[in-house]
Every structure is written in C-alpha cells, then in structure tokens.
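> when you get a sec, could you give me coordinates for this:
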Amino acid sequence: MNRTVRALINLVSDNDYLTRHKRYRTDFLRARKLPASVVIWTILRLMKRSLALECIEVLWDNSTECSPTKQAFSQARYKWKHTGFIEMHDTTVGAMYDDPTFGLWRGYRVIGADGSSLRLPDTADVVEKFGYHKPNGTGGKMPPIGRVSLFIDLCLLGVVSARLDNWSRGEGSLAQEQLPAIVASLKQDNLLFVYDRGYTSIKFIKQHVELGVDFLFRVSSGSYKKLWKRAVNGESDFEDKILGVSVRVVSFILDTGERELLITSVSQAKASREDIGRLYTHRWQLEECYKKFKVSMEIENFSGNNLEAVLQDFWAHMVMMNIATEQINTEQEPLNPDRSPTHRINFSIFFGVMRGSLFRFINGEISARRLTRKLKTAMKTAKNKIRPGRSYSRAKMKIPKRHKVFFRTC
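Numbering: from 1, shown residues only. Modelled structure (predicted):
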C-alpha cells in the first residue's frame, strides 16, 4: 500500500473533511447501508458497468439480505460534492512529491500542459453548463463537449493540475489560470513547463518570468517572423528578445522536412540544443496520458448523467491516475528524456487489476500485504519490452466517430 492510498484513507476518515464536502449539514448522519465513506470509495472505483450490476456485485454485504439499489446509490452520491474529490486529488499531488528529488531531469521538475475534448452526457444541466457545439463544416450538433486542460509531470506521469470547462474556453487561457496555483502549491525548485505551439504568447511567456519558472514553447510558423527568418538563414541555437523578454531559440529540421522552432529560458550551459529537442519530443507523454484516460480508464463512460456525477467522475479519474502512476513508479524508474526505457509496465493491465484490488482492500476483504503482493505481481506480469524506432503517422488515423464511444449496457 503506497503513501498516497494511506493519505487518502486518513483523509476520508477525517470528520472535518466529510463536513466540508457534504451537501447539507444533516447528510450522512444516520447509520445507513451507504455512509459517506462507502459512496466515496465506490465512485473512486470508477464504475463502468450498469449501476444496478455494480450495486449487486460491489456493494452487497453478507450481513444484509439485499444490496442497495441503484436509485439509493444515486441519491446518496448527490449528497456528496465533487469538491471532495478535488481535495483528494490535491492530496495525491502532495504525496507524489514527498521526495522532491525523485523524477527530476537535470535538476528540473518537468511539467507539460495540453488540452483535449471530453464528450459529456446529453442532459439538461450538463448542456446548460457546457452547451452544444457544431462539428466543423456541418450544420448538425454534437453532444455537449468539455474542454480539458491538464498539467502532467512528464517524468512521473502524474496529473499535477486539471480543469474541465466550457469548450469555448481556449486551452491557453485555461493554462494561464492554472499556472500560478501550480507554482504556489508545488513548492518545488527549478520548475520547467513544456508547451505545444497553441500556447505560445508573449503574455504567457511573461507570466513564467514573473513567477520565476522556466519554459519551453514550440513556435507556430505564422508568428514571431523575425525568429523564423534567423532560423531559415541557418542559425540553429541563438539568443533573442521578444518584446523585452530574453529567450533562447532552437531550430530543428524534422524527419518530415518540416522546420521546428522552439523558444526556452533554459541556457546552453544547462542543456544543449539536442537536449532541448529530446525534451520537447518527450512532451508526447501528454498524448499518451489522454490515451490512458479515454481508452484504458474510459473516462467518457460516466456513471451518472447529472452534472454533479460528471464532475465527480472526472476528478475521481484524476485521483486514480495518480494512485496508479505512483504505484508503477515504485517498480520502474521514472521516464527520462535523456535515455529510452527498455521495458515499461502496461498501464491498462495494471490499472484493471489495481482498480478492483484496491476497493477490496478498502472494504476489508484483503490485507495490505496481500494487496501489495498482488500489485507487484501484476506489474511484473504486465511489463512489456519497448521496441525503439516505432512511429505512427497521424495522417493514417481514422476520422473519429460522431457518437459517444462508451455506452452503458443497461
């Protein structure tokens, strides 16, 4: 049992925590089949089957004649606010950085940011919050879509900060709102943030300078033409200023023939041009993280249609991701842009084992020792060899379907 799980167990058993996040003062006072702790851990289990089946197979107690109904569970979960899971996520982040030297790259804590979409249930309160959105080039309407903005530790692969907002909000503006809170809460030295070209703006660059943290941005071809001109003329690693802000500019020619332009605050003394290139390539771990959320964890398969249920499920996935990544990091070394791993643990297999086993431990069905042994066995079994040089072109990817990927069976 890792330190994150112990911290969460202590948190859920704290009466002050329960008081802060239950909807009304009178909620969860009487002894019921579904006390607050059972509701919280059941949601964290990330229910993906029908709610009726989950109640029968997961919540049934040998001491009672029948299990709670899905209606009873739904009523109980809405007594609990999603802010409780936000505090749980903050707890997992604190536990992730219990050792401030673990998972560093050249002394830097490297954090990447990226945005994505999240398809949401088509219900009145969800639509009121997130709205409908037309697909590009058509007159139809898609289901409600939320804008997700994540900051991920690119070496430890834990979720440092998350936001779910209206699709009309740009990923850049969300990141600007998240950044000060991240810097203040982490209390880590030498923070280095990595961004794709959709984030590059002088306002955002100055925000990093004011906060005293380092940055690495990719520059789009239509902006900062003075820098592009110097790069096209043959300069591949040079210093320049953008509206008074000194930056280092690094240029590469990719395998596709496209020129890549990066701007950073990391000096040549700390990282060479090739080091910066490898670091930016390592940003791909963000795409892998979204793949884990959407495919392995089925984040779009919500256990309820109410807005509060959607927010509960969203933050529960952030918590479970950090629990899983911390456990995996005990078995294998954190990722490092300077060296390619030879083996990695298959996240889907490990997460499937952990999700059920963790709930059984919380429920008192298995001991901490047995839980640890089972998770270690799962990690050893699910360890795959990395084949270097493999790549997949986005041009070959199929057009995504217009309907929700995951549906409940009943």
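> residue 42 against residue 58, yeah?
Yes. In terms of C-beta atoms under 8 Å, residue 42 counts as a neighbour of residue 58; the distance is 6.6 Å. Where you see a C-beta, it was placed from the backbone N, CA and C, and this is true even at glycine.
> do you have the helices of the stretch 101-250 of the chain handy? List them.
Shown for the stretch 101-250 of the chain, the helices assigned by DSSP state H, counting those that start in this stretch span residues 124-130, 171-186, 202-211, 225-232.
> so can I have CSV of the ones you listed showing distance to residue 273, mean neighbour count and mean pLDDT?
Converted to CSV, the helices of the stretch 101-250 of the chain look like this (distance: least, C-beta to C-beta, whole Å; neighbours: other C-beta atoms under 10 Å; pLDDT from 0 to 100):
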stretch, distance to residue 273, mean neighbour count, mean pLDDT
helix 124-130, 42, 15, 92
helix 171-186, 26, 17, 95
helix 202-211, 20, 15, 95
helix 225-232, 12, 15, 92
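> dump these into JSON lines; add distance to residue 143 as well.
Putting the helices of the stretch 101-250 of the chain into JSON lines (distance: least, C-beta to C-beta, whole Å) gives the following:
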{"stretch": "helix 124-130", "distance to residue 143": "9"}
{"stretch": "helix 171-186", "distance to residue 143": "20"}
{"stretch": "helix 202-211", "distance to residue 143": "31"}
{"stretch": "helix 225-232", "distance to residue 143": "39"}
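> overlap in contacts of residue 42 and residue 58?
With contacts defined as C-beta atoms under 8 Å, 6 or more residues apart in numbering, the residues shared by residue 42 and residue 58 are residue 359.
> looking at these two, which is more packed in?
Each of residue 42 and residue 58 had its neighbours counted (other C-beta atoms under 10 Å), and the higher figure belongs to residue 42 (24 against 20).
> below-threshold pLDDT in the stretch 201-350 of the chain: ranges please.
Per-residue confidence for the stretch 201-350 of the chain (pLDDT under 70) gives no ranges below the cut-off.
> I'd say residue 320 and residue 355 touch.
Yes. Residue 320 lies in contact with residue 355 (C-beta under 8 Å); the separation is 7.1 Å.
> tell me, what's touching the two both at once?
Both residue 320 and residue 355 are contacted by residue 46, under the criterion C-beta under 8 Å, 6+ apart.
> which one of those two has more residues nearby?
The residue with more neighbours, out of residue 320 and residue 355 and counting by other C-beta under 10 Å, is residue 320; that gives 22 against 18.
> ok, the spatially most central residue of the chain to residue 88 distance?
Most central residue of the chain, judged by C-alpha distance to the mean C-alpha position with C-alpha atoms, centre = their mean, is residue 159 at 4.2 Å. The span separating residue 159 from residue 88 equals 12 Å under the rule C-beta to C-beta, to the nearest Å.
> which ones are touching residue 266?
For residue 266, the contact set (C-beta under 8 Å, 6+ apart) comprises 108, 192, 214, 216, 248, 276.
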